Every structure is written in C-alpha cells, then in structure tokens.
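> Here is my input; please provide its structure:
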Amino acid sequence: MNGMDDRTRYETVKSRLRAMGQGTAEQVHDPIEPSPYSVREVENTLDEMMLAEQDEFGKVDAVYRWKKHYRFRVGKVAVVRGVAVLITP
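Numbering: from 1, shown residues only. Just a heads-up that it's a prediction; the model follows:
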C-alpha cells in the first residue's frame with residue numbers, strides 16, 4: 001500500500017470508531033462494506049491510532065473506544081460543550 005492508501009484506511013477506521021463509540025477490531029471492521037481491509041489491518045490501524053492520538057482514543061482489553069463519545073440515557077444529566085443538559089424522552 002502506498003501512503004495515500006494508508007491515510008485513507010486510517011481515516012476510514014477512525015471515522016467508524018468515532019461513529020460507534022467503542023468496539024473490538026472485528027466490530028469496527030464489519031460495518032465497513034465492502035471492506036478492502038482485513039480485520040488484522042483494522043486492528044493494526046486501531047493500535048496505531050491509540051499511540052498517535054492518546055487523548056482521543058483508548059483501549060481496554062480488546063475493546064477500542066473514542067474517549068469523547070457520550071452515551072446519553074433518559075433521565076440523566078449530560079454535559080455537552082460545557083452545558084448541563086437533562087436527557088428527556
């Protein structure tokens with residue numbers, strides 16, 4: 001692969017993980033259809049992201065996550081851009 005292909009893969013995997021919030025390499029790989037990348041390539045890219053962008057991404061066991069992902073639950077208060085918001089149905 002050339003540098004452009006590597007950058008495209010990196011951005012694709014990064015975008016997918018951000019959309020999901022968290023997941024294993026296989027979970028991140030599966031929705032990329034059709035995927036020109038193997039699960040192993042996705043996992044290697046995720047590991048690269050963990051090192052390059054430690055403030056943004058983390059890993060616990062086999063689960064990669066985007067640290068700025070917010071999980072909203074009804075009845076809970078969330079802080080969004082510095083403002084407290086009550087999540088209602």
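
> how much space is there between residue 17 and residue 45?
Residue 17 sits 9 Å away from residue 45, going by CB to CB, to the nearest Å. All C-beta atoms are positioned from the backbone trio N, CA, C, and that covers glycine.

> pull the longest helix from this protein.
Longest among the helix segments of the chain by residue count, using DSSP state H, is helix 3-20.

> And the helix or strand following that one, what does it pack against?
Per DSSP states H and E, the first helix or strand lying C-terminal to helix 3-20 is strand 22-23. Counting contacts by 3 or more CB pairs under 8 Å, 6 or more residues apart in numbering; DSSP states H and E, strand 22-23 is packed against strand 63-66.

> neighbouring contacts of the strand it packs on?
17-18, 20-25, 28, 46, 49-50, 56-59 (CB atoms under 8 Å, 6 or more residues apart in numbering).

> of those residues, closest to residue 7?
Of all the contacts of strand 63-66, residue 7 sits closest to residue 49, with 12.5 Å by CB to CB.

> nearest residue to that closest one other than its sequence neighbours?
Excluding its sequence neighbours, the residue lying closest to residue 49 (CB to CB, 6 or more residues apart in numbering) is residue 57, at 5.0 Å.

> Residues in a beta bridge with the one you found, which ones?
Counting by DSSP bridges, residue 57 is bridged to residue 66.

> Residue 3 and residue 9: what is the separation?
For residue 3, the distance to residue 9 - CB to CB - is 11 Å.
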